[in-house]
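Novice: Here is a sequence together with a model predicted from it:
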Amino acid sequence: MDADRQRIDRWLWHARLVRTRALAAALAASGHVRVNGQRVGIPGKAVRISDVLTVALPGGVRVLRVVAFAARRGTAEEAKRLYEDIGPAAPKQTPLASTPMRARGEGRPTKRERRALDRLRQRGTLDA
């Protein structure tokens, strides 16, 4: 392995952005990865330190700067040291506090209650 570059599929796998190296290769081959703004079409594309990667993942788009390489896949803490996240901060997902929960043991909702819950979920207000 060259000390100044690494294959994109290996780096994605070592950085724990995907679960398997085969998924990393498929992600790179499908064009969902950009290196310095240029779309990657092959998994063997070399990345260098300070390259900016834009990766379209199922959870959203991540913008990362390559900080280091790894010789093998390590823990999650070691993987976080391989990159710097320079993308916009992801909005925190809060649980639906406005969605009423049924008390344990009350059984299934009636048709009227279910329709009220559906209206609440669609409009954000409860019409009884």
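Specialist: Happy to help now that I have it.
Novice: Which parts of this structure belong to which domain?
Specialist: 5-85, 96-128 (automatic domain parsing).
Novice: Out of these, which one sits most buried?
Specialist: Of all the domains of the chain, domain 5-85 has the most neighbours on average by mean count of other Cβ atoms under 10 Å, namely a mean of 16. Yep, even glycine has a C-beta here, placed from its N, CA and C like the rest.
Novice: mind giving me a markdown table with the domains of the chain and columns for mean pLDDT?
Specialist: Converted to a markdown table, these look like this (pLDDT from 0 to 100):
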| stretch | mean pLDDT |
| --- | --- |
| domain 5-85 | 95 |
| domain 96-128 | 75 |
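Novice: So which residue is smack in the middle of this structure?
Specialist: G59 (3.7 Å; Cα atoms, centre = their mean).
Novice: wait, what's in contact with that residue?
Specialist: With contacts defined as Cβ atoms under 8 Å, 6 or more residues apart in numbering, G59 has no neighbours.
Novice: May I have the helix ranked longest in the chain exported as CSV, CA atoms only?
Specialist: The helix that spans the most residues within the chain, counting by DSSP state H, is helix 111-123. These are the backbone C-alpha positions of helix 111-123, laid out as CSV (Å, rounded to 0.1, in the frame of the first residue of the first chain):
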residue,chain,number,x,y,z
LYS,A,111,-62.5,3.4,14.6
ARG,A,112,-63.2,7.0,15.8
GLU,A,113,-59.9,7.2,17.7
ARG,A,114,-57.9,5.7,14.8
ARG,A,115,-59.4,8.3,12.4
ALA,A,116,-58.5,11.1,14.9
LEU,A,117,-54.9,9.7,15.0
ASP,A,118,-54.7,9.7,11.2
ARG,A,119,-55.8,13.3,11.1
LEU,A,120,-53.3,14.2,13.7
ARG,A,121,-50.5,12.6,11.8
GLN,A,122,-51.5,14.2,8.5
ARG,A,123,-52.2,17.8,9.7
